[in-house]
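J.: Turn this into a structure:
(chains A, B, C and D)
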2 protein chains.
Amino acid sequence: MQLAVDVGENALTERQKDVLDAALALLVEAGDALTMTSVARRASCSKESLYKWFGDRDGLLTATVQWQASKVRAVPVNPEAFDLASLTAGLQRFASDWLHVLSGTISVALNRVAVGHAGSDKHDLGVIVLENGPFAMARRLKPLLQLGRNTGLLHFDETDEAFRTFFGLVVRDVQIRLLLGDRLELTDASIERDSLRATQQFLALYGAQNGH
Amino acid sequence: MQLAVDVGENALTERQKDVLDAALALLVEAGDALTMTSVARRASCSKESLYKWFGDRDGLLTATVQWQASKVRAVPVNPEAFDLASLTAGLQRFASDWLHVLSGTISVALNRVAVGHAGSDKHDLGVIVLENGPFAMARRLKPLLQLGRNTGLLHFDETDEAFRTFFGLVVRDVQIRLLLGDRLELTDASIERDSLRATQQFLALYGAQNGH
DNA sequence: CCGCCGCCGTAACGTACGGTACGGTACGGT
DNA sequence: ACCGTACCGTACCGTACGTTACGGCGGCGG
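T.: You can find the predicted model right below:
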């Protein structure tokens, strides 16, 4: 399940990063209708350079998605003085971060193009987004869950099942509705509220003080 | 929130239904790469007829999505002799049905093209899928939830919040992973197991016998 | 100063596909 | 028998876009 995301040495010059940022912006604006010409114009570079640097259109899209993925790096949770309060805070902070990312225009745009490409031959984008989306969330959250289990604060058999339940409680129908174009404004306040609710529901299901 | 899905009189001839079924099959196979020529060839009809019947490519796609939507009609739950057992059975059956639909190749294909189109100007497909997906699920489930509340079996303030929690517990990360191309085989047995788990978790959160 | 290199801008090419036009055929009505 | 209608198959047109090629220009080593 451990797929290579970073290509070791990205070897991206600043100029190329600027180009990829321009591609990101266009991806947000136009979605998959992005053209090589539009990227070249927006980034003030030649199409020749685009093809030299990224090979072809798919290479550019792949590099763009990876570039965005490399920008959102995980902040690890430090397991010092671990108790119910810090577990709750960690879960809620995690849910809040995730909802903020999910509802961002960049996340929506990238997920849209990746979903679209997963339907054709090119599964690369889907794999990359999968790896940096749900799978990355799982890798980041599972240590916290296992720490909770080791300290007796949580009860579950399969870490993966616990994670997926938490995922469901946090994300619910938000992502699919956003991807399908539903206007669904998530204010900071509502995200805070939903994160707290999801965390409390998760603790009600897997917390040590409750039955099961 | 009540959007027209059926166009009153569909006025679809059998021939046209066959064409739309061919379009559905091609949508599953090729996704958004479907071409008018391929539909005409598969359905053994002329492109002229396609344009006469459906206007343009978007019209064909819209008609295809609506045609599929018209095929999966809801089976209402009869509220006779309602108790905890029938509530549990209803929820579980609902979850099972939904997971079966979600994981079907047709649902995945239609959601993919709708998500893709939601990124461009044409939001129609997204709205239609939204209307026949999450929103239809909500309309079908909410009467059952309210019946549960009226009979004292469930406790919640907002029906919509309860529904969305159930949605999250049932769907979790399954749909987004399928849309992104993750190989995720859902056997009948695993779906039955997941439906039961989701139902029990939901009852643990909103059931009358539990706290809150 | 000179030549090489990387890059910009743009023009050009090939192709795929949406959309249209048209000839040919079957059929039902008169 | 004749006509209108509906439809199939196919050829065709226009365009958009991916991809390639080329001219020009600034910088840098010699």
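
J.: that's a helix at A:Gly90, yeah?
T.: Yes: the assignment for A:Gly90, made by DSSP: H, G, I helix; E, B strand; the rest coil, places it in a helix.

J.: got the residues of chain A near DNA strand D?
T.: A:33-37, A:46-48, A:51, A:56-57 (Cβ under 7 Å from any atom of the strand). (C-beta placed from N, C-alpha, C; glycine too.)

J.: Kindly indicate the member of those with the most neighbours.
T.: A:Leu34 (24 neighbours; other Cβ atoms under 10 Å in any protein chain shown).

J.: which of the residues of chain A next to DNA strand D come close to DNA strand C?
T.: Counting by Cβ under 7 Å from any atom of the strand, A:46-48 from the residues of chain A next to DNA strand D sit close to DNA strand C.

J.: sorry, back to before: export the residues of chain A next to DNA strand D to CSV and tack on pLDDT and secondary structure?
T.: Shown next, in CSV, are the residues of chain A next to DNA strand D (pLDDT from 0 to 100; DSSP: H, G, I helix; E, B strand; the rest coil):
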residue, pLDDT, secondary structure
A:Ala33, 93, helix
A:Leu34, 96, coil
A:Thr35, 96, coil
A:Met36, 95, helix
A:Thr37, 95, helix
A:Ser46, 93, coil
A:Lys47, 94, helix
A:Glu48, 93, helix
A:Tyr51, 95, helix
A:Asp56, 94, coil
A:Arg57, 95, helix
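
J.: Chain B: which of the residues you listed is nearest?
T.: Distance to chain B across these (Cβ to the nearest Cβ) is lowest for A:Ala33, with 5.6 Å.

J.: Now do the contacts for the closest one.
T.: When contacts are counted by Cβ atoms under 8 Å, 6 or more residues apart in numbering or on different chains, A:Ala33 touches B:119-120.

J.: Any idea which residue of chain A lies closest to DNA strand C?
T.: Scanning chain A for the residue nearest DNA strand C gives A:Ser46, at 3.0 Å (criterion: Cβ to the nearest atom of the strand).

J.: And for the nearest residue to that residue once chain neighbours are set aside, the neighbour number?
T.: Excluding the flanking residues, the one nearest A:Ser46 by Cβ to Cβ, 6 or more residues apart in numbering or on different chains is A:Ala40, at 6.1 Å. Each residue near A:Ala40 was counted by other Cβ under 10 Å, and the total is 18.

J.: Mind telling me what element A:Ala40 is part of?
T.: Applying DSSP states H and E as the criterion places A:Ala40 in helix A:36-43.

J.: Just the CA atoms from that helix would do, formatted as PDB, please.
T.: C-alpha atoms of helix A:36-43 as PDB (Å, rounded to 0.1, in the frame of the first residue of the first chain):
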ATOM      1  CA  MET A  36      -1.400  23.900 -23.000                       C
ATOM      2  CA  THR A  37      -1.700  27.200 -24.700                       C
ATOM      3  CA  SER A  38      -3.500  28.700 -21.800                       C
ATOM      4  CA  VAL A  39      -0.800  27.500 -19.400                       C
ATOM      5  CA  ALA A  40       1.900  28.900 -21.500                       C
ATOM      6  CA  ARG A  41       0.200  32.200 -21.800                       C
ATOM      7  CA  ARG A  42      -0.600  32.400 -18.100                       C
ATOM      8  CA  ALA A  43       2.900  31.500 -17.000                       C
END
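
J.: Show me what that helix is packed against.
T.: On a contact count with 3 or more Cβ pairs under 8 Å, 6 or more residues apart in numbering or on different chains; DSSP states H and E, helix A:36-43 meets helix A:14-30, helix A:47-54, helix A:57-71.

J.: now for those helices, which one comes closest to B:Gly116?
T.: Judged by Cβ to Cβ, the one of those that comes nearest to B:Gly116 is helix A:14-30, at 12.3 Å.

J.: Dead centre of chain A: give me the residue that sits there.
T.: In chain A, the residue lying closest to the centroid (Cα atoms, centre = their mean) is A:Gly133, at 3.4 Å.

J.: And that one, how far from B:Asp182?
T.: Per Cβ to Cβ, to the nearest Å, A:Gly133 is found 10 Å from B:Asp182.

J.: between these two, what contacts are shared?
T.: If you check A:Gly133 and B:Asp182 against Cβ under 8 Å, 6+ apart, no residue is contacted by both.

J.: how far out from the middle of the chain is the helix or strand hosting A:Ala136?
T.: Assigned by DSSP H and E, A:Ala136 falls within helix A:134-150. Averaging C-alpha positions (Cα atoms, centre = their mean, to the nearest Å) puts helix A:134-150 15 Å from its chain's average.

J.: sorry, back to before: residues in contact with the residue nearest to the centre of chain A?
T.: Contacts of A:Gly133 by Cβ under 8 Å, 6+ apart are A:111, B:176, B:180.

J.: Correct me if wrong: the second one contacts A:Pro134.
T.: Put plainly, it is B:Ile176. Yes: the pair B:Ile176 / A:Pro134 is scored as a contact, 6.4 Å apart, by Cβ atoms under 8 Å.

J.: Test for you: state the pLDDT assigned to A:Gln209.
T.: On pLDDT, A:Gln209 comes in at 70.

J.: State whether it is indeed within a helix.
T.: No: assignment of A:Gln209 by three-state DSSP gives coil, placing it outside any helix.
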